[in-house]
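Asks: Show me how the following folds:
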Amino acid sequence: MGKPRIRPIALGLIKHQGHIFVSKGYDPVKDQGFYRFLGGGIDFGETSLDALQREFREEIQAELTNIRYLGCLENIFTCRGKPGHELIQLFQCDFVDSKFHNLEKIYPLVEGKNVHDAMWISIDQVQAGNLNLVPESCYRYLYD
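Replies: This next block holds a predicted model:
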């Protein structure tokens, strides 16, 4: 195993009719589900904006518009029993294609060989503590 490192990532916060667009994850060690904004790693020489757009294209074949930078968040966590440390470049954005606005649909999200679920979840349900959005530092951006 290599030396632990800080991972730079770009994530997109997309809101629509009181909902946010997220991917669903599960930590078998904690036996706990969680939700997270879509996005991913920033490659060397790539801007965080370019990484955000590339990740949405790769994962759900979506183009973004109205992109604006919200800030940088630090996330130190444990997932699947392993420590993690991320610097998150967080952007608010919208989908170009309204086909992604179906609040009831589950969208296939492809990450390499793995397929996960992407979906809309209620902001009120997140704020009420019924849905586990990670990292918690994202909560302050849920309401305009």
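
Asks: could you point out where this structure is predicted with low confidence?
Replies: Along the chain, the model assigns pLDDT under 70 to residues 1, 144.

Asks: any idea how far the most centrally placed residue in it is from residue 3?
Replies: Centroid-nearest residue in the chain, with C-alpha atoms, centre = their mean: residue 37, separated by 1.8 Å. Distance from residue 37 to residue 3, counting by C-beta to C-beta, to the nearest Å: 27 Å. In short, each C-beta sits where N, CA and C put it, glycine included.

Asks: Buried by neighbour count: which residues of the lengthiest strand in the chain qualify?
Replies: When every strand of the chain is counted residue by residue (DSSP state E), the longest turns out to be strand 64-79. Of the residues in strand 64-79, 64, 70, 73, 75 count as buried by neighbour count, 16 or more other C-beta atoms under 10 Å.

Asks: Check which helix or strand the closest residue to residue 105 other than its chain neighbours maps to.
Replies: Distance criterion C-beta to C-beta, 6 or more residues apart in numbering; nearest residue to residue 105, sequence neighbours excluded, is residue 119 at 7.4 Å. Residue 119 belongs to strand 114-122 when elements are defined using DSSP states H and E.
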